[in-house]
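Participant: let's see this in three dimensions:
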Amino acid sequence: MIWLRYVLPAVLVFAGFVCLFVADDGIKWDGFAMLVGAGLAVLLMNVLFRFGAIGDDERQAEDDAREYYKTHGHWPDEKP
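Facilitator: A predicted model of the protein is given here:
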């Protein structure tokens, strides 16, 4: 997972800078923009997915607390 979250976007951005300095004048800016944009898009997709997954954990914790309330008659953080 670390490879997909951090290494792949970093490699794409690095390849964009390499393309900027190595390629011909006609294609270097297009290659730079393409590779850096792809790297940033992969990074942003991973960030947005992580924010979405946080909501799933919160919903599961709420469901567990409601189940605890149903069986014990009080919330988990309350004294009986």
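
Participant: for this protein, which segments count as helices?
Facilitator: 2, 8-22, 28-72 (DSSP state H).

Participant: ok, residues contacting the lowest-mean-pLDDT helix or strand in the chain?
Facilitator: Within the chain, no helix or strand scores below helix 2, which has a mean of 86 by mean pLDDT, DSSP states H and E. By CB atoms under 8 Å, 6 or more residues apart in numbering, no surrounding residue is in contact with helix 2. For glycine as for every other residue, the C-beta is placed from the backbone atoms N, C-alpha and C.

Participant: check contacts around Tyr69.
Facilitator: Residues near Tyr69 by CB under 8 Å, 6+ apart: 75-76.

Participant: how close does it sit to Glu58?
Facilitator: 17 Å (CB to CB, to the nearest Å).

Participant: Tyr6 now?
Facilitator: Taking CB to CB, one finds Tyr6 at 25 Å from Glu58.

Participant: can you pick out the residue with more neighbours from the two?
Facilitator: Tyr6 (13 against 9; other CB atoms under 10 Å).

Participant: now do that one, the pLDDT please.
Facilitator: Model confidence at Tyr6, expressed as pLDDT, equals 91.

Participant: using PDB, write down the CA coordinates of stretch 59-67.
Facilitator: Presented in PDB, the C-alpha positions along stretch 59-67 are these (Å, rounded to 0.1, in the frame of the first residue of the first chain):
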ATOM      1  CA  ARG A  59     -20.100   4.700  11.600                       C
ATOM      2  CA  GLN A  60     -18.900   1.400  12.800                       C
ATOM      3  CA  ALA A  61     -18.000   2.900  16.200                       C
ATOM      4  CA  GLU A  62     -21.500   4.400  16.500                       C
ATOM      5  CA  ASP A  63     -23.100   1.100  15.600                       C
ATOM      6  CA  ASP A  64     -21.000  -0.700  18.300                       C
ATOM      7  CA  ALA A  65     -22.000   1.900  20.900                       C
ATOM      8  CA  ARG A  66     -25.700   1.600  20.000                       C
ATOM      9  CA  GLU A  67     -25.400  -2.200  20.300                       C
END
